[in-house]
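Asker: what would the 3D arrangement of this be:
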Amino acid sequence: MKNTLLLATATLFFSFASTKDTLTENNYKIYSSKTSKEVTLNDIALQMKNYDVVFFGEEHNDSVAHFLQNELFKALYASYGDKTTLSMETF
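Answerer: Numbers count the residues shown, from 1 in each chain. Predicted coordinates:
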């Protein structure tokens, strides 16, 4: 019984751990609340030129949100280079 539980736990863990490799733009859609049209992360990054701070809320253990945070940070860095700073919530 212990071995079965360990195997089930390990399988579940590795299936969650591997989801980061399977996430793509097909896992989400982003809409502008202003235009009600779909936008990309690059669109958002380019619109940030008039702002100093971006707040990105998310639910913990949400692999899609974590993927989006990473992709948005990369897009911001590609657009603004060393002017980009990342601060993360850690308690």
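
Asker: so where's this structure shaky on pLDDT?
Answerer: For the chain, the stretches with pLDDT under 70 are 1-21, 90-91.

Asker: and the helices in it?
Answerer: Assigned helices in the chain, in chain order: 2-17, 41-47, 63-80 (criterion: DSSP state H).

Asker: surely residue 44 meets residue 30?
Answerer: Yes - assessed by CB atoms under 8 Å, residue 44 is found in contact with residue 30 at 7.2 Å. For the C-beta atoms, the positions are set from N, CA and C on the backbone; glycine is no exception.

Asker: quick one: which of those two has more around it?
Answerer: The residue with more neighbours, out of residue 44 and residue 30, is residue 44; 17 against 14, by other CB atoms under 10 Å.

Asker: how about the residue most central in space within the chain: what's its closest non-neighbour residue?
Answerer: Residue closest to the average C-alpha location in the chain (CA atoms, centre = their mean): residue 68, at 2.3 Å. Leaving out its chain neighbours, the residue that sits closest to residue 68 by CB to CB, 6 or more residues apart in numbering is residue 28, at 6.5 Å.

Asker: contact partners for the one you found?
Answerer: Residue 28 sits next to 64, 67-68 when contact means CB atoms under 8 Å, 6 or more residues apart in numbering.

Asker: if we only consider those residues, which is nearest to residue 54?
Answerer: Nearest to residue 54 among those is residue 68, at 12.0 Å by CB to CB.

Asker: so how far is residue 27 from that closest one?
Answerer: According to CB to CB, to the nearest Å, residue 68 and residue 27 sit 9 Å apart.

Asker: do the same with residue 81
Answerer: 28 Å.

Asker: and residue 40, how many neighbours?
Answerer: 12.

Asker: spit out the contact partners of it.
Answerer: 25, 30 are the contacts of residue 40 under CB under 8 Å, 6+ apart.

Asker: and it, how far from residue 32?
Answerer: Residue 40 is 11 Å from residue 32, by CB to CB.
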